[in-house]
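Chemist: A predicted structure for the sequence below; I have some questions about it.
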Amino acid sequence: MRGVSMTAAVLALSLCGCGPAEAPRKTAGAKPAPTPMSVTKAPARPVGPPARHPVIPGEEMGTAADISQFHALPRLDAKVFSLSGGDPAVNGLVTYFALFGGPSEGWSAYPLGDYAEWRVAEAKTGRVVLVVRQDTAGPDGNILKTNRTVQIDFARNGETPPDGIDVSTTQ
């Protein structure tokens, strides 16, 4: 019985300090508490000589280093990506849609167009919808911005990607 009341007393005392904490008060000239990034540590020392990593040949790397925007759609075995290209001030994202054909076939990529920016608005079996912005030069040289939707329709026969996709653009 005494053990229970002692436990209850310890528990009650420990819970007394569990109220909401007060925000720390700032005083003039006081330094902020150190954070893990501000704590000075001795620099790490290598345990041996460095290993040299050569550049990956272009045929192995492809254009992956050029990718500037990417959106994976794993449920659809698909992705939308853009390569840096064109005029960076106007529609600098050369954009593609790709479907995965399994390990033996790899990816099949289909060109969509050149956009200033884009985002995936809808992704479901057989259809992906993008909201895009396309820029054009106006008659007086200023940039005119136009928002559109791009609807991508595709049919799959098992794992094999189709020979083509249907792309519709709204005005």
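Modeler: Ah, there it is. Fair warning: this is a prediction, and the values are worked out from it, not measured in the lab.
Chemist: got any ranges where this structure has weak pLDDT?
Modeler: 1-42, 44, 46, 55-65, 86-89 (pLDDT under 70).
Chemist: Would you map the strands across it?
Modeler: 67-73, 78-84, 93-100, 107-115, 117-124, 127-137, 143-153, 166-169 (DSSP state E).
Chemist: Dump those strands into JSON lines; add distance to Pro43 and mean neighbour count as well.
Modeler: The way it works is simple: take the backbone N, C-alpha and C, and place the C-beta from them, glycine included. Shown next, in JSON lines, are the strands of the chain (distance: least, C-beta to C-beta, whole Å; neighbours: other C-beta atoms under 10 Å):
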{"stretch": "strand 67-73", "distance to Pro43": "34", "mean neighbour count": "14"}
{"stretch": "strand 78-84", "distance to Pro43": "36", "mean neighbour count": "19"}
{"stretch": "strand 93-100", "distance to Pro43": "40", "mean neighbour count": "20"}
{"stretch": "strand 107-115", "distance to Pro43": "43", "mean neighbour count": "17"}
{"stretch": "strand 117-124", "distance to Pro43": "41", "mean neighbour count": "14"}
{"stretch": "strand 127-137", "distance to Pro43": "46", "mean neighbour count": "17"}
{"stretch": "strand 143-153", "distance to Pro43": "48", "mean neighbour count": "14"}
{"stretch": "strand 166-169", "distance to Pro43": "54", "mean neighbour count": "13"}
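Chemist: mind putting those in a markdown table, distance to Pro54 included?
Modeler: Output for the strands of the chain, formatted as a markdown table (distance: least, C-beta to C-beta, whole Å):
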| stretch | distance to Pro54 |
| --- | --- |
| strand 67-73 | 21 |
| strand 78-84 | 24 |
| strand 93-100 | 28 |
| strand 107-115 | 25 |
| strand 117-124 | 35 |
| strand 127-137 | 37 |
| strand 143-153 | 38 |
| strand 166-169 | 40 |
